[in-house]
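> I need the structure of the sequence given here:
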Amino acid sequence: MTRAGYAWIVTEQSITGNALQFAPEGLLAIKLHGGTNTSAHISDALKVVAKGYHSYLQTDGPTNSGPPQHCRTDVPWESGHIFYKNMVEAIIPHGSIGRIEFDSSGDMIAADYKIENLQNGNLVQIGSWMAGSDPVDIHKPNSIVWPGGARTPPVGFEISNHFRVVSIKSHPFTYVDPTLDDGSCLEDDALECTDHEGNAKCCSGFCMDLLVKLSTKLNFTFEVHLVTDENYGAYERINGTNKKTWTGLIGELVNERADMIVAPLTINQERTKVMDFSKPYKYQGLAILIKRPINTNNLSQVVRPFETKLWIVIFASIHLVAVILYLLDRFSPFSRPKRNQDEPDSCNISQAVWFTWSVMFNSGVGEGTPRSFAARVLGVVWAGFAMIIVASYTANLAAYLVLDKPKGGIMGINDARIRNPSASFKYATVQRSSVETYFKRQVELSSMYLFMKDRNYKNAQDAIDALKRDEIQAFIWDSAMLDYEAARDCSLVTVGELFGRSGFGIGLRFNSPWTYKMSLKILNFHENGVMEELDSKWIRRQNICSRSDDQPRTLEMSSMGGVFILVAGGLVFSCFCIWVEILYKRKQDAKKRQLDLARVAVENWRSTVKERRRAGKMLNQVSQSSAAEKHNGVQGPAALEKEMDGTMPACLLSRRSQRSKLPPPPTAASRWNSAGHSAAMQARQPLYGEFELKERV
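Next up, the predicted model:
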């Protein structure tokens with residue numbers, strides 16, 4: 001590089017001291033005017049310090065602390081930055097080496113330089129540059145010696161600092177919005193761009209902000225337009241011929257319709273053969289996007305902690321233990337109280353069942369506890385069993401309700417439905433993209449490429465819309481954009497691990513002198529956190545979902561629906577039980593009333609039979625006494641009654657008449673029935689020697 005055709009331009013440091021002897025012949029160097037005059041520099045430095053200190057005392061000095069006493073101290077000078085600011089702002093119009101003025105970083109703004117040429121080991125001044133003058137003043141252009149001893153300057157080329165930038169619509173990296181009526185953009189940070197028809201648009205997003213930051217740091221200008229065919233770029237045949245050409249973004253760069261690509265462009269080996277890439281500004285891989293499965297098992301989540309067999313065994317154990325408790329308490333000789341003690345008897349079967357259920361649900365057992373020692377031992381063991389069961393159920397229920405995550409229909413790229421394509425599970429990617437090229441180049445993925453070839457979509461947004469309409473079941477694309485879509489739409493979710501890892505880079509023309517500068521600046525952005533700021537602004541801020549898959553989710557009403565259904569079922573069953581109890585009680589009361597009526601009727605019948613027997617005996621005695629009196633010339637009972645009619649009470653006469661009308665006594669074959677009893681009730685005739693039946697009841 002020291003031969004003819006090259007040029008060397010160095011700073012003063014490269015020609016100072018021993019470095020000069022290693023410098024190549026014909027180099028050009030710039031030197032500060034008076035740079036070797038030490039006394040002049042010291043004089044100007046003292047002037048700067050004096051003026052800065054004077055300004056410091058006039059403004060902020062009296063209210064701030066003084067400088068430290070020595071340099072070897074760990075305590076910083078609190079007012080040091082104020083003193084430094086006053087020195088930087090100091091201006092010396094006529095210094096020993098010229099005008100002295102500094103920028104905010106402390107570098108000299110107004111400086112005079114000499115331009116020297118190395119000829120035969122000696123530096124010869126050939127020109128100068130004065131502060132305030134734009135062109136460089138070359139005194140003797142023909143006397144310059146170039147590397148290799150040439151007298152003519154080498155043929156060079158101009159490096160443009162204006163770029164035609166091409167991009168593509170891809171959220172969140174590039175948003176394309178229409179302009180307002182006055183031609184301006186709604187967003188303050190949006191850039192003016194044009195589409196393939198030349199219409200003005202507003203472009204914003206991650207890539208546009210990155211472009212602005214790079215142009216500021218590297219001092220270049222740009223204009224942005226969108227790609228014509230809306231493709232990322234693929235190497236394809238033209239109209240079925242053997243000639244191939246690049247399409248999309250890469251085609252515009254290769255065909256010199258653009259100077260730079262600022263878009264989510266994946267770096268791969270095939271593209272690096274025709275263009276340059278900067279260092280990746282975003283590292284990513286390939287992912288799979290599917291629709292989030294809808295949880296249809298919410299109402300049964302309260303029973304999910306245990307399987308069906310375990311629930312059956314638990315319910316059977318509750319009632320089995322209740323029966324055993326009853327038997328132990330029933331046959332134990334110590335469960336019954338003594339005769340002189342007023343204590344409750346052993347618990348019955350209903351109390352035993354209530355005891356086991358109460359212990360299981362950790363509720364208070366007010367009464368009906370086992371009395372025997374054997375039954376109480378079993379009760380303690382049952383309490384330990386209930387504690388373990390309830391604790392296990394609580395832990396598993398919390399895991400199901402809080403940490404339950406929806407599982408995707410597939411597990412990743414190695415899922416059988418992905419590796420073995422079928423019409424029942426369709427998936428696709430974007431045509432003429434790096435993802436399509438990735439599947440095309442991988443031999444083990446060739447079957448997947450052939451399956452997707454005719455199903456791929458023109459852009460990512462069309463594929464995502466088709467996924468939402470269930471036209472496809474999975475979409476394979478760059479993880480950065482899929483994570484963004486899953487964050488802003490909670491009905492979508494990415495599944496599986498990343499594969500085909502790569503990165504997004506800025507595309508430049510092949511062997512561009514700007515490639516190295518772009519890469520260094522991007523690495524600097526990574527170190528300084530600029531990329532993290534862009535991520536937070538354009539990607540992470542779009543997360544509208546309430547949670548991530550790695551964190552517990554908040555319980556929703558649908559998650560606890562089974563509990564409310566359980567309570568509703570208990571209420572319905574309780575109402576049914578009280579209805580059954582009321583009907584049973586009414587039936588028992590009716591039966592009891594019938595028994596009471598039957599008992600009263602039987603007692604009345606027995607009384608009637610006894611009265612008839614007693615009346616019969618009295619009549620027989622009266623008949624026998626009348627016959628004896630007549631035989632002996634004594635007045636008979638009939639004549640006696642006639643004589644006594646005037647003197648007997650009316651009630652006695654009425655009772656006698658009724659007695660004569662009594663029915664004959666029942667025979668042994670007759671039966672008492674409810675019909676006869678009803679007829680007697682309807683007659684409402686009082687029986688002999690008794691009150692009426694209604695009055696007795």
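> Let me know the helix or strand that residue 258 is in.
According to DSSP states H and E, residue 258 maps onto no helix or strand at all.
> ok, for it, nearest residue in space, not its chain neighbours?
residue 166 (3.9 Å; C-beta to C-beta, 6 or more residues apart in numbering). For glycine as for every other residue, the C-beta is placed from the backbone atoms N, C-alpha and C.
> ok, the one you found - contacts?
Residues near residue 166 by C-beta atoms under 8 Å, 6 or more residues apart in numbering: 224-227, 249, 252-253, 257-258, 260-263.
> lowest-confidence helix or strand of the chain?
Scoring the helices and strands of the chain by mean pLDDT, DSSP states H and E places helix 693-696 at the bottom, with a mean of 37.
> part of a helix, is residue 502?
No - per DSSP: H, G, I helix; E, B strand; the rest coil, residue 502 lies outside any helix segment and is strand.
> Quick check: it touching residue 270?
No - using C-beta atoms under 8 Å, residue 502 is not in contact with residue 270; the gap is 12.0 Å.
> Buried ones among the contacts of residue 166?
By the neighbour-count criterion of 16 or more other C-beta atoms under 10 Å, these include these buried positions: 224-227, 249, 252-253, 258, 260-263.
> and those residues, which of them are in strands?
Counting by DSSP state E, the part of those found in strands is 224-226, 260-261.
> if we can go back for a sec, make TSV from the buried ones among the contacts of residue 166 and add distance to residue 30 and pLDDT to it.
Formatted as TSV, those follow (distance: C-beta to C-beta, whole Å; pLDDT from 0 to 100):
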residue	distance to residue 30	pLDDT
224	36	94
225	39	94
226	43	93
227	43	92
249	41	92
252	40	92
253	36	93
258	36	93
260	31	95
261	36	94
262	35	94
263	40	93
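> which one of these is nearest residue 110?
residue 260 (35.0 Å; C-beta to C-beta).
> So what sits opposite that closest one in the bridge?
Applying DSSP bridges to residue 260 gives these bridge partners: residue 165, residue 508.
> try residue 116
residue 29, residue 125.
> can I assume residue 118 sits in a strand?
Yes - under three-state DSSP, residue 118 sits within a strand.
> Where does residue 467 fall, secondary structure wise?
Following DSSP H and E, one finds residue 467 within helix 460-468.
> Tell me the helix or strand right after that helix.
Using DSSP H and E, the helix or strand that follows helix 460-468 in sequence is strand 474-478.
> Okay, now the sheet partners of that following strand, with direction.
By DSSP bridges, strand 474-478 pairs with strand 282-291 (antiparallel), strand 427-428 (parallel).
> Give me the contacts around the helix or strand that it is followed by.
Counting by DSSP H and E, the next helix or strand C-terminal to strand 474-478 is helix 479-488. Residues outside helix 479-488 that contact it (C-beta under 8 Å, 6+ apart) are 170-173, 264, 282, 284-289, 460, 464, 475, 492-494, 498, 504, 539-540, 542-545.
> shaky segments in the stretch 51-200 of the chain?
For the stretch 51-200 of the chain, the stretches flagged by pLDDT under 70 are 60-66, 131-135, 157.
> where do the helices sit along it?
80-88 (DSSP state H, counting those that start in this stretch).
> any chance you could map the strands in it?
92-95, 98-100, 113-119, 122-129, 137-138, 162-167, 175-178, 191-194, 200-204 (DSSP state E, counting those that start in this stretch).
> now for the longest one, which elements pack on it?
If contacts are counted by 3 or more C-beta pairs under 8 Å, 6 or more residues apart in numbering; DSSP states H and E, strand 122-129 sits against strand 28-32, strand 113-119, strand 137-138.
> buried sites along it?
The neighbour-count check on strand 122-129 (16+ other C-beta under 10 Å) flags 123, 126-129 as buried.
> between that strand and strand 113-119, what angle do the directions make?
Per axes from the mean of the first three to the mean of the last three C-alpha atoms, to 10 degrees, the angle that strand 122-129 makes with strand 113-119 is 150 degrees.
> ok, back up a step: buried subset of the contacts of helix 479-488?
For these, buried by 16+ other C-beta under 10 Å: 170-173, 264, 282, 284, 286-289, 460, 464, 475, 492-494, 504, 539, 542, 545.
> contact partners of stretch 100-109?
44, 47-48, 88-92, 110, 131.
> ok so, going back, so which residues lie in contact with the helix holding residue 467, not counting its own?
With C-beta under 8 Å, 6+ apart as the criterion, helix 460-468 contacts 170-171, 289-291, 428-430, 456-457, 472-475, 477, 481, 485, 491-492.
> In ChimeraX, how would I select just the buried ones from the residues you listed?
Buried subset of the contacts of helix 460-468, written as a ChimeraX selection, criterion 16+ other C-beta under 10 Å:
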select :170,171,289,290,291,428,429,430,456,457,472,473,474,475,477,481,485,492
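> before we move on, the earlier item: which one, of the strands paired with strand 474-478, ends up nearest to residue 8?
strand 282-291 (38.1 Å).
> Beyond that closest one, next helix or strand please.
Next along the chain after strand 282-291, taking DSSP H and E as the criterion, comes helix 308-331.
> Could you name the helices and strands sitting against whatever helix or strand comes next after that following helix?
Per DSSP H and E, helix 308-331 leads on to helix 349-360 as the next helix or strand towards the C-terminus. With contacts defined as 3+ C-beta pairs under 8 Å, 6+ apart, the packing partners of helix 349-360 are helix 308-331, helix 373-402.
> how distant is the last one from the center of its chain?
Helix 373-402 sits 32 Å away from the centroid of its parent chain (C-alpha atoms, centre = their mean, to the nearest Å).
> report the angle between the axes of whichever strand or helix holds residue 604 and helix 373-402?
Residue 604 belongs to helix 561-631 when assigned by DSSP H and E. Counting by the same axes, to 10 degrees, helix 561-631 lies at 140 degrees to helix 373-402.
> Where does pLDDT dip in the stretch 301-450 of the chain?
For the stretch 301-450 of the chain, the ranges with pLDDT under 70 are 334-346, 364-368, 401-409.
> oh sorry, the question was meant for the stretch 551-697 of the chain
Across the stretch 551-697 of the chain, the ranges flagged by pLDDT under 70 are 551-564, 566-567, 570, 626-697.
> rerun at 80
551-571, 573-574, 577, 622-697 (pLDDT under 80).
> hang on, the earlier thing: would you convert the contacts of residue 166 into JSON lines that also reports distance to residue 591?
Listed next are the contacts of residue 166 as JSON lines, based on distance: C-beta to C-beta, whole Å:
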{"residue": "224", "distance to residue 591": "97"}
{"residue": "225", "distance to residue 591": "99"}
{"residue": "226", "distance to residue 591": "93"}
{"residue": "227", "distance to residue 591": "94"}
{"residue": "249", "distance to residue 591": "95"}
{"residue": "252", "distance to residue 591": "100"}
{"residue": "253", "distance to residue 591": "102"}
{"residue": "257", "distance to residue 591": "104"}
{"residue": "258", "distance to residue 591": "102"}
{"residue": "260", "distance to residue 591": "101"}
{"residue": "261", "distance to residue 591": "97"}
{"residue": "262", "distance to residue 591": "95"}
{"residue": "263", "distance to residue 591": "92"}
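> and which of the residues you listed is nearest residue 385?
Once C-beta to C-beta is applied, the member of the contacts of residue 166 that ends up nearest residue 385 is residue 263, at 65.8 Å.
> show me what contacts that closest one?
166-168, 170, 173-174, 207, 232, 249, 507.
> make it 7 Å
Listed by C-beta atoms under 7 Å, 6 or more residues apart in numbering, the contact partners of residue 263 are 167-168, 170, 173-174, 207, 249.
> related to what we said a few turns ago, quick one: closest of the strands paired with strand 474-478 to residue 515.
strand 282-291 (17.6 Å).
> Quick check: mean pLDDT of the closest one?
Strand 282-291 shows a mean pLDDT of 89.
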